[in-house]
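**Student:** how would this look folded up:
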Amino acid sequence: MIKALNTAQNGLLQAERRATEIARDILSSTSAVSSSFSDAVESSPTENTSTEAPTTAQAVNNANLSGASVGSLIQQFADLRAEEQSFAANAKAFQAIDETLGSLLDDEG
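**Tutor:** Residues are numbered from 1 along each chain as shown. Prediction:
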C-alpha cells in the first residue's frame, strides 16, 4: 500500500517537472516568434504605400515563420496536455489509495 502511494507521488512529481519544462519551452518558442513577428511588422514592405499597418499575412510572410516552428509548438502543446493527463491520473490513484488506507485504519481503530 505504501509502495503504491510512493509510486503515485513520484508520478505526480515527474508529471509536474515535465510540464514545467514544456511550459518553459513553449514560452521561449513563443517569445522568439513574437519578437520575429514584431520585427516583421515594423519592417513592412514599402509596396504598401498607404499609411495603414501591414496585414497579419504580410507580417507573417516577413517574419519567415516556418511550418517547422509551428509544428514544434503544436507538439509542445500536445506534450503539455499529455503531462496534464498523467498528473490527473496519478492524483486519482493517490486519492484512491489514500481513501483505501483511511478506510483500513478506520476499521482497525
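
**Student:** and the next element down the chain from the lowest-mean-pLDDT helix or strand in the chain?
**Tutor:** Least confident helix or strand of the chain, by mean pLDDT, DSSP states H and E, is helix 56-63 with a mean of 55. Counting by DSSP states H and E, the next helix or strand C-terminal to helix 56-63 is helix 67-108.

**Student:** and that next one, what does it pack onto?
**Tutor:** helix 2-42 (3 or more CB pairs under 8 Å, 6 or more residues apart in numbering; DSSP states H and E). C-beta coordinates here come from the backbone N, C-alpha and C atoms, glycine included.

**Student:** Quick one: list the elements packing against the helix it packs on.
**Tutor:** Packing partners of helix 2-42 (3+ CB pairs under 8 Å, 6+ apart): helix 56-63, helix 67-108.

**Student:** That one - what's its average pLDDT?
**Tutor:** Helix 2-42 carries an average pLDDT of 85.

**Student:** give the contact list for the closest residue in space to Leu104 that isn't next to it in sequence.
**Tutor:** Nearest residue to Leu104, sequence neighbours excluded (CB to CB, 6 or more residues apart in numbering): Met1, at 7.9 Å. Shown in contact with Met1 (CB atoms under 8 Å, 6 or more residues apart in numbering): Ile97, Thr100, Leu101, Leu104.
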